[in-house]
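Engineer: Return atomic coordinates for the entry below.
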Amino acid sequence: MIYTIGGIKGGSGKTTIATNLAIWLAQKGSDVLLVDADEQETATDFSAWREQNVGDEMGYTSIKLTGESVRTQVTKLKAKYEHIVIDTGGRDTTSQRAALVISDYYLVPFNPRSFDIWTVYKVQNLVGEIRAVKASPLNVYTFLNRADPRGADNDEAAEILMQCEGMNYVPNPLGNRKAFSHAAGKGLGIVELNPPDEKASTELNNLFTYIFSNSIN
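Structural biologist: Numbers count the residues shown, from 1 in each chain. A predicted model of the protein is given here:
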């Protein structure tokens, strides 16, 4: 499967989702390729830092691609990997569109804030344009990232996402937890922290299990 993690607005935690998904899939025994298609190259920096810290135990292969080469090169490479995770930037770029044309799944995290959640309609338009030219299905999953411990913002954002036609809302939010930055600082995924952060690990497992169980049906 090819998973693109993207969106229209920056700061929603796309790279955190992408790197943790690559590690999560690798820990389940899959051969995984992580493609950094974001001009900021954060996933590339994380992978380099991870390699310094864990060496041969990195678990996945990482490459950097931009523009139309995302489509052409991933198409050539997809037979060599069980799963490909593509991290794109928080803008409507050529790289993101090239990734979506070849992707099976589009994962879009949203922070539960007005300026973030309002971009869902732009994402909806982007998905419609891609589906109009894409030969194979594009399954879209939206979810809350950096959610508040409590409050109305989560519920209001979830309600908007649930009402978006053509996109599947995942009812498994990720909380705004320091464990994510703590793990990234060590070049690790949440599932690798020792001692573990049980709440963060459970949330991440619930999110990915929900998406992955649907992706293999």
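
Engineer: shaky segments in the chain?
Structural biologist: 114, 215-217 (pLDDT under 70).

Engineer: how does it look with 50?
Structural biologist: 217 (pLDDT under 50).

Engineer: Just the helices from this structure, written as ranges.
Structural biologist: 14-27, 42-54, 69-77, 94-102, 114-117, 120-133, 152-162, 178-185, 198-215 (DSSP state H).

Engineer: Adding mean neighbour count and distance to Ile86, write those out as JSON lines.
Structural biologist: For glycine as for every other residue, the C-beta is placed from the backbone atoms N, C-alpha and C. As requested, the helices of the chain are arranged in JSON lines below (neighbours: other CB atoms under 10 Å; distance: least, CB to CB, whole Å):
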{"stretch": "helix 14-27", "mean neighbour count": "25", "distance to Ile86": "7"}
{"stretch": "helix 42-54", "mean neighbour count": "17", "distance to Ile86": "9"}
{"stretch": "helix 69-77", "mean neighbour count": "16", "distance to Ile86": "7"}
{"stretch": "helix 94-102", "mean neighbour count": "23", "distance to Ile86": "5"}
{"stretch": "helix 114-117", "mean neighbour count": "16", "distance to Ile86": "21"}
{"stretch": "helix 120-133", "mean neighbour count": "15", "distance to Ile86": "13"}
{"stretch": "helix 152-162", "mean neighbour count": "16", "distance to Ile86": "22"}
{"stretch": "helix 178-185", "mean neighbour count": "16", "distance to Ile86": "19"}
{"stretch": "helix 198-215", "mean neighbour count": "16", "distance to Ile86": "14"}
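
Engineer: Mind checking those for the one nearest to Tyr141?
Structural biologist: helix 198-215 (5.5 Å; CB to CB).

Engineer: Give me the contacts around the closest one.
Structural biologist: Helix 198-215 is contacted from outside by 1, 3, 20-21, 24-25, 104-105, 107, 139, 141, 143, 168, 170-175, 177, 179-180, 190-191, 193, using CB atoms under 8 Å, 6 or more residues apart in numbering.

Engineer: Repeat that for stretch 65-76.
Structural biologist: Residues contacting stretch 65-76 (CB under 8 Å, 6+ apart): 2, 35-37, 39, 63, 84, 86, 94-95, 98-99, 101-102.

Engineer: Straight-line length of stretch 107-119, end to end?
Structural biologist: 14 Å (CA to CA, to the nearest Å).

Engineer: do stretch 52-63 as well
Structural biologist: Span of stretch 52-63 from end to end, CA to CA: 16 Å.

Engineer: Okay, buried residues for that stretch please.
Structural biologist: Met58, Gly59, Tyr60, Thr61, Ser62, Ile63 (16 or more other CB atoms under 10 Å).

Engineer: what do you get for stretch 8-15?
Structural biologist: Ile8, Lys9, Ser12, Gly13, Lys14, Thr15.

Engineer: Same check on stretch 25-44?
Structural biologist: Under 16+ other CB under 10 Å, the buried positions of stretch 25-44 are 25-26, 32-38, 41-44.

Engineer: Next: stretch 134-147.
Structural biologist: Neighbour-count burial for stretch 134-147, counted by 16+ other CB under 10 Å, picks out Leu138, Asn139, Val140, Tyr141, Thr142, Phe143, Leu144, Asn145, Arg146, Ala147.

Engineer: Quick one: residues contacting the last one.
Structural biologist: By CB under 8 Å, 6+ apart, the residues touching Ala147 are Pro112, Asn154, Pro173, Leu174, Gly175, Asn176.
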